[in-house]
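[1] okay, sequence plus prediction incoming.
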Amino acid sequence: MIDLSLMSKQEKIIILSLILLIVITIGIMFTPANVRNERKVSAEPQNILETGGAPGAERGFFNTPKDISVDKNGDIYIVDSKNHRIQKFNSTGNFILAWGKEGDGPGDFKEPCGIDIGPDGNIYVADTWNGRVQVFTNTGSYLMEIGRDRGLWGPRDVGVDKQGNIYILDTGWCKIEKFDSKGRYLATFGKKREGGDKPGGKGPVEFWEPFSIKQGPDDNLYILDRRNYRVQVITTEGKFVREFKVHGWNDAQIVEGCLMEPYIDIDFKNKFVFITDSAKHRIIRYNLNGTGEKYFDQDVQGVKFMCPVGVAVLSDGKVLVTDHSLGKILTLKQ
């Protein structure tokens with residue numbers, strides 16, 4: 001046992017400092033990893049995930065987050081594009097798991113963009129620069145890939161309808177490919193453009209860089225037709241229903257450093273359509289018929305959006321937005 005009474009003042013300070021250092025070190029060693037290294041979703045009015053705006057590769061950090069989706073249990077899936085992975089959190093914000101790495105094998109990704117959840121609970125990911133969609137269980141186990149043999153060019157999104165049919169947006173070739181739940185090809189909507197420097201189609205059920213897709217409460221498909229500056233609504237059989245223009249969109253692919261990467265989600269309860277307008281740093285809300293346009297440019301804490309990309313409506317009406325410039329997932333202030 002150390003007798004401090006026999007020591008000088010300077011020796012006492014040194015000994016006490018060493019004891020304090022040992023206590024702190026032991027505390028860190030026995031702190032659970034999820035407390036030290038993982039980010040957590042916060043309750044309102046906080047945002048869902050905070051990373052300080054700096055890209056990171058640790059669990060709960062993001063490097064260019066893109067689309068976002070929420071399953072029936074409230075679990076949240078985020079496409080962490082430039083980390084080439086998917087991250088999953090539960091409804092209270094605890095990190096659950098991440099899967100994927102850069103590559104072109106089963107379960108690998110090359111800058112994935114879009115994500116959807118099927119009626120079977122499986123996770124469908126648009127593996128953009130591998131030219132395919134990959135399907136996983138909700139625990140990240142690989143099931144199958146779809147579409148690579150169709151020569152897809154940079155598919156930005158995938159949608160799954162209530163019957164389990166799969167719709168891949170072949171963004172570069174300006175068309176939509178439909179598959180059954182087993183991944184078997186069924187149909188093509190739209191016509192393939194003649195080349196990368198040629199415009200896409202502009203008529204009904206024609207597209208010029210279709211970018212995002214969701215099925216609505218009316219069972220129709222809502223498709224963001226980016227270079228035609230509109231939302232097209234079609235049936236699951238590819239029949240035209242209606243369209244409405246997205247005001248303020250133009251040909252500029254990059255505005256103030258932000259790529260124009262719009263995504264869509266639908267509030268089934270209130271029958272709203274939410275669209276991210278990354279180039280203008282805002283979210284746009286419409287009624288299902290395209291009326292009642294309203295703009296939002298900040299989160300619940302008053303933080304201005306910089307490059308909002310993905311959007312997901314929760315069962316309680318809250319709206320989550322990925323902002324790839326901020327490296328955060330924000331909660332929309334309505």
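    Good, I have the coordinates.
[2] please enumerate the strands of the stretch 101-250 of the chain.
    Using DSSP state E, counting those that start in this stretch, the strands assigned to the stretch 101-250 of the chain run over residues 115-117, 123-127, 132-136, 142-146, 157-160, 166-170, 175-179, 185-189, 210-215, 221-225, 230-234, 240-245.
[3] name every strand pairing with the third one and say which way it goes.
    What it means is strand 132-136. According to DSSP bridges, strand 132-136 has the following sheet partners: strand 123-127 (antiparallel), strand 142-146 (antiparallel).
[4] tell me which of those is the most buried.
    Mean neighbour count (mean count of other C-beta atoms under 10 Å) peaks for strand 123-127 among those, with a mean of 27. Bear in mind the C-beta positions are built from the backbone N, C-alpha and C, glycine included.
[5] ok, back up a step: same list, the strands paired with strand 132-136, but as JSON lines with distance to residue 273 please.
    Listed next are the strands paired with strand 132-136 as JSON lines, based on distance: least, C-beta to C-beta, whole Å:
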{"stretch": "strand 123-127", "distance to residue 273": "20"}
{"stretch": "strand 142-146", "distance to residue 273": "26"}
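[6] now these in a markdown table, with distance to residue 283 and mean pLDDT?
    Converted to a markdown table, those look like this (distance: least, C-beta to C-beta, whole Å; pLDDT from 0 to 100):
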| stretch | distance to residue 283 | mean pLDDT |
| --- | --- | --- |
| strand 123-127 | 21 | 99 |
| strand 142-146 | 30 | 99 |
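[7] how deep is the nearest residue to residue 227 once chain neighbours are set aside tucked in, by neighbour count?
    Of all residues not flanking residue 227 in the chain, residue 208 sits nearest, at 3.7 Å (C-beta to C-beta, 6 or more residues apart in numbering). Number of residues near residue 208 (other C-beta atoms under 10 Å) recorded here: 19.
[8] following element in sequence after the lowest-mean-pLDDT helix or strand in the chain, please.
    Taking mean pLDDT, DSSP states H and E as the measure, the chain has helix 33-37 as its least confident helix or strand, at a mean of 41. With elements assigned by DSSP states H and E, the helix or strand that comes after helix 33-37 is strand 65-70.
[9] figure out which of the strands of the stretch 101-250 of the chain is closest to residue 106.
    Among the strands of the stretch 101-250 of the chain, the nearest to residue 106 by C-beta to C-beta is strand 142-146 (4.9 Å).
[10] spatially central residue in this structure, please.
    Nearest to the mean C-alpha position of the chain, by C-alpha atoms, centre = their mean, lies residue 67 at 1.6 Å.
[11] which residue is the nearest non-sequential neighbour of that one?
    The shortest distance from residue 67 to any non-neighbouring residue, by C-beta to C-beta, 6+ apart, is to residue 310 (4.1 Å).
[12] and if you look at residue 286?
    Residue 286's closest residue in space is residue 273 (C-beta to C-beta, 6+ apart), at 4.5 Å.
[13] now name the helix or strand holding that neighbour.
    Counting by DSSP H and E, residue 273 is part of strand 272-277.
[14] contacts for that strand, please.
    Strand 272-277 is contacted from outside by 216, 222, 224, 231, 246, 248-249, 261-267, 283-288, 290, 308-311, 313, 319, 321, 332, using C-beta atoms under 8 Å, 6 or more residues apart in numbering.
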